[in-house]
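Visitor: I would like to see how this sequence folds:
(chains A and B)
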Amino acid sequence: MKYLFEVFSAALDKIGAKDVDFLYFEEPKNIDFGDFSTNVAMKLSKQLKKSPIAIANDIINNLEINPDKIFNITVAGAGFINIKLTEKFWTELLSEVLIQGGNFGKSLVGSGKTANVEYVSVNPTGLLHIGHGRNAVVGDTVANLLEWIGYDVTREYYFNNAGNQMKVLADSIYARYMQLFVDKDFPFPEDGYHGDYVKEIATDLYKSFGDKLKTGDFQDLSQIRKFGENWCFQKIKATLEKLNIKQDVFFNEDSLYKDGKIKEVIEYFKNNNLAYEKDGALWLALSQMGLQEDRVIVKSSGEPTYRLPDIAYHREKLERKFDLIIDLFGADHIATYPDVLAALKAMGYDTDKIKVLIHQFVTLTENGEQVKMSKRTGKSYTLDDLIDEVGADVVRFFLLMRSINTHLEFDLSLAKEQSEKNPVFYLQYAHARICSIIDKIKNENHQIIINPDLSVLTNSDEQNLIKHIYKFPSIVLQAANKFEPYILAEYLKEVASAFHTFYHNCRIIGSHLEIASARYALCEATRFVLANGLSILGVSAPEKM
RNA sequence: GCGCCGGUAGCUCAGCUGGAUAGAGCAUCAGCCUUCUAAGCUGAGGGUCACUGGUUCGAAUCCAGUCCGGCGUGCCA
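Guide: Numbering: from 1, shown residues only, chains lettered A, B, ... in the order given. Reported below is the predicted structural model:
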């Protein structure tokens, strides 16, 4: 690509084209058009006052072509320039891949920079459901992608164990505890958590404390609250661990109060006349920061609204001097971030460093029918249940294979399917097949040349596979820059498909030594791409299936 | 009402910094196992790209409007 840019820029200079910042090469949908094509001649039509086709011909006549690299260049259609590279050009790229091996796909664009990715961030009041699963898996994969392009990444979990929700949890646990062990008619709080897990907590609580917590006074409730928090956190962490997710920092909202950070934010806005008191509450003057309406940051009861700690927390992250700060949350939190960003901007921070990623909801379906998974209705389908049912690999892959902007339908019947219908197995199967070949060659002592001449890989299936392999680093970069793991997932399916076709048509064992050796090398390169790609997605790459 | 996301094949989704015949998987139909894993391969059918108008040599893609679905629009988080 770099090579193409160089020769084309030189030719454009020669024909007198100016300010060509729109020169780019794309892969035509139809491979008959070649490996790359450019529409630069069409775009120059106005400037040069000539027909696109004439310009295209001018460009071609002024190109200095290295016949080792470029096979041919043609003008087609309304003025496209199509470029076909030589087989040798591609096979030379392949040897690069083999040298890089497990590092193939990495780049340095983010090296020396730091990133903070905040995800999951569920308060310890319950169990994770599938929507949280999407958040967790996407966040973790975005973090992986950033690491692959060179960032030093901190994975962070933000939680609040002091708010009203925790009180509701404690009340709910207490009610279940009383119902189960003291008085079965004990009233359940109206806004309490109805999930079955609350009964489990109550049962475990009874095992630890027996009848000691019957009074329901402040001291009892605070012990119950702590017990519930630990119980939930342990479960949440265990579920995340099953998905191969481990976060570096667990940031407690409470520390913002203890360290005076909340106070500092309030002071700042008061001192700058951006906060005022009305109806006994403290309002943030967002209307002076470019937004529509002012909002309450401290209620008349003296408690802060979620906005205040959110602002203080993000200020804290900015103060930790990350080059990139990523927040990931579900569509239901969409309203929270414009206020936070506006407030930070008003405090003089560079909010361009903060990228807010919002993923749409997940619906779980089985046999075309929606499965309920709410934690309030009581009948719940947790993320943990899902992992136990279909496995961590399938959960991760299914939650990653769609753009975060779209509603994701998790098809439970398809996920359960241990067959060719399931896209995860398609990928893993390609990897396992390669490992099986490598095994067989080693175990049965088939002869293989160590550094074979790769230029014999000229047939269309081999060439097609090489071209797919070559794209891997740019796919990783693209997925990382757009924060979209699905781009990688889709790509890996294409690689697997190219491999399966190659595998079907090109035998290794039994071919001539030179051919067999070169194909063996191609298999190894493919294996690196699949293994590296799957590891970014956090999906295992089995050697046998 | 306003804001964000979406509306593309029977289903789930790509394609959206404008480009050549709109793609994939599943489903349907028809083929391929004496040879490295058939969880595989090959082929066929299937589309008014929600609708209307505009910009352009050219629109699924950009702009405006309309309709439909999801989420939000709290002194809940």
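
Visitor: Tell me which stretches of the stretch 301-450 of chain A form strands.
Guide: Taking DSSP state E, counting those that start in this stretch as the test, the strands found in the stretch 301-450 of chain A are A:324-330, A:354-359, A:362-366, A:369-371, A:408-411.

Visitor: now the shortest one: how far from the chain's centre is it?
Guide: Meaning strand A:369-371. Relative to the centre of its chain, strand A:369-371 is centred 26 Å away, using Cα atoms, centre = their mean, to the nearest Å.

Visitor: outside of it, which residues touch it?
Guide: With Cβ atoms under 8 Å, 6 or more residues apart in numbering as the test, strand A:369-371 has contacts from A:363-365, A:381, A:412. C-betas here are computed from N, CA, C, even on glycine.

Visitor: so who does the nearest residue to residue A:3 once chain neighbours are set aside touch?
Guide: Nearest residue to residue A:3 in three dimensions, chain neighbours excluded: residue A:69, at 6.4 Å (Cβ to Cβ, 6 or more residues apart in numbering). Contacts for residue A:69 (Cβ under 8 Å, 6+ apart) come out as A:3, A:85-86, A:88-89.

Visitor: Filter these down to the buried ones and hand me the ChimeraX line.
Guide: The ChimeraX selection below is limited to those of the contacts of residue A:69 classed as buried (16 or more other Cβ atoms under 10 Å):
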select /A:85,86,88,89
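
Visitor: follow-up on the earlier one: from residue A:86, how far off is the residue nearest to residue A:3?
Guide: Residue A:69 sits 6 Å away from residue A:86, going by Cβ to Cβ, to the nearest Å.

Visitor: Can you name the residues in contact with the strand or helix carrying residue A:173?
Guide: Residue A:173 is part of helix A:164-181 when elements are defined by DSSP states H and E. Residues outside helix A:164-181 that contact it (Cβ under 8 Å, 6+ apart): A:123-126, A:160, A:185-189, A:191-194, A:198-199, A:201-203, A:205-206, A:211, A:213-214, A:216, A:220-222, A:224-225, A:227-229, A:232, A:303.

Visitor: Considering only these, which also neighbour RNA strand B?
Guide: Subset of the contacts of helix A:164-181 in contact with RNA strand B: A:123, A:160, A:303, counting by Cβ under 7 Å from any atom of the strand.

Visitor: Which residues are in contact with the last one?
Guide: If I follow you right, that is residue A:303. Contacts of residue A:303 (Cβ under 8 Å, 6+ apart): residue A:164.

Visitor: any idea how far residue A:262 is from it?
Guide: 11 Å.

Visitor: Distance to residue A:495 added to the contacts of strand A:369-371, as TSV?
Guide: Converted to TSV, the contacts of strand A:369-371 look like this (distance: Cβ to Cβ, whole Å):
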residue	distance to residue A:495
A:363	29
A:364	29
A:365	29
A:381	33
A:412	27
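
Visitor: which of those residues are buried?
Guide: Buried by 16+ other Cβ under 10 Å: A:364, A:381, A:412, out of the contacts of strand A:369-371.

Visitor: ok, the second one to RNA strand B distance?
Guide: Using Cβ to the nearest atom of the strand, to the nearest Å, one gets 17 Å for the distance from residue A:381 to RNA strand B.

Visitor: re earlier: could you export the contacts of strand A:369-371 as TSV, including pLDDT?
Guide: Below are those laid out as TSV (pLDDT from 0 to 100):
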residue	pLDDT
A:363	92
A:364	91
A:365	89
A:381	82
A:412	89
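
Visitor: Looking at the stretch 301-450 of chain A, what residue ends up closest to RNA strand B?
Guide: Closest contact between the stretch 301-450 of chain A and RNA strand B, by Cβ to the nearest atom of the strand, is at residue A:420 (2.2 Å).

Visitor: Would you mind listing the residues in contact with that residue?
Guide: Residue A:420 touches residue A:426, counting by Cβ under 8 Å, 6+ apart.

Visitor: cool, and residue A:509?
Guide: Applying Cβ under 8 Å, 6+ apart, the residues near residue A:509 are A:437, A:440-441, A:446, A:516.

Visitor: Give me the buried entries from these.
Guide: Those of those that meet the buried threshold are A:437, A:441, A:446, A:516, by 16+ other Cβ under 10 Å.

Visitor: Which helix or which strand is home to residue A:532?
Guide: In the assignment (DSSP H and E), residue A:532 maps to helix A:513-537.

Visitor: name the helices or strands packed onto that helix?
Guide: When contacts are defined as 3 or more Cβ pairs under 8 Å, 6 or more residues apart in numbering; DSSP states H and E, helix A:513-537 sits against helix A:87-100, helix A:130-148, helix A:392-400, helix A:423-443, helix A:460-470, helix A:472-482, helix A:485-505.

Visitor: One more pass at 7 Å, please.
Guide: helix A:87-100, helix A:130-148, helix A:392-400, helix A:423-443, helix A:460-470, helix A:485-505 (3 or more Cβ pairs under 7 Å, 6 or more residues apart in numbering; DSSP states H and E).

Visitor: could these go into CSV alongside mean pLDDT and distance to residue A:451?
Guide: Listed next are those as CSV, based on pLDDT from 0 to 100; distance: least, Cβ to Cβ, whole Å:
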stretch, mean pLDDT, distance to residue A:451
helix A:87-100, 92, 8
helix A:130-148, 97, 27
helix A:392-400, 96, 35
helix A:423-443, 95, 16
helix A:460-470, 94, 17
helix A:485-505, 96, 21
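
Visitor: RNA strand B next: which of the contacts of residue A:509 are close?
Guide: Within the contacts of residue A:509, those near RNA strand B by Cβ under 7 Å from any atom of the strand are A:437, A:440.

Visitor: Can you get me a residue count around residue A:207?
Guide: Using other Cβ atoms under 10 Å, residue A:207 is surrounded by 8 other residues.

Visitor: pLDDT at it, what is it?
Guide: Listed pLDDT for residue A:207 reads 96.

Visitor: if I look at it, how far off is RNA strand B?
Guide: Distance, residue A:207 to RNA strand B, using Cβ to the nearest atom of the strand: 30 Å.

Visitor: Find out how far the host helix or strand of that residue is from the centre of the chain, if you would.
Guide: In this structure, residue A:207 sits in helix A:196-209 according to DSSP H and E. Here helix A:196-209 is found 36 Å from its chain centre; the criterion is Cα atoms, centre = their mean.

Visitor: what sits up against that helix?
Guide: A:126-127, A:172-173, A:176-177, A:180-181, A:224, A:227-228, A:231, A:378, A:380 (Cβ atoms under 7 Å, 6 or more residues apart in numbering).
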